[in-house]
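Enquirer: The following block contains a protein sequence and its predicted model.
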Amino acid sequence: MVNGGVGVPIECAGVTVRPGDVVCGDDDGVLVIPRGRAEEVLKFARAILEGDQRDRSGLYKALGYEPDETLGKYKAE
């Protein structure tokens, strides 16, 4: 096994990360999205975000909370 390199795939926690992959992380963990699937994943992520914002907008209204910026386009409803 060769140690080190630039622009070569690596293995991390059983996941292969290739050059060009999208790597995202927060306090819950890390996500590796293969470059060839990034657009597809983005469509799903946007749909999930919009559904969450829509649902929370209804909850804010029912609970009498002031809408905030986390509701995106549903803030004004």
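Expert: Nice, thanks for sending it over.

Enquirer: Run the chain-centre distance for the helix or strand of the chain with the lowest mean pLDDT.
Expert: Ranked by mean pLDDT, DSSP states H and E, the helix or strand of the chain with the weakest confidence is strand 10-12, at a mean of 92. Distance of strand 10-12 from its chain centroid, counting by CA atoms, centre = their mean, to the nearest Å, is 21 Å.

Enquirer: May I see the buried residues of whichever helix or strand comes after it?
Expert: Sequence order places strand 15-17 as the next helix or strand after strand 10-12, per DSSP states H and E. Within strand 15-17, the residues that count as buried by 16 or more other CB atoms under 10 Å are V17. Where C-beta positions appear, they are placed from N, C-alpha and C, glycine not excepted.

Enquirer: Would you mind pulling up the elements that strand 15-17 packs against?
Expert: Packing partners of strand 15-17 (3 or more CB pairs under 8 Å, 6 or more residues apart in numbering; DSSP states H and E): strand 10-12.

Enquirer: so how far is I10 from the residue most central in space within the chain?
Expert: By CA atoms, centre = their mean, the chain has its centre lying nearest to A45, at 6.0 Å. Going from A45 to I10 by CB to CB, to the nearest Å gives 24 Å.

Enquirer: Same check on L49?
Expert: L49 is 30 Å from I10, by CB to CB.
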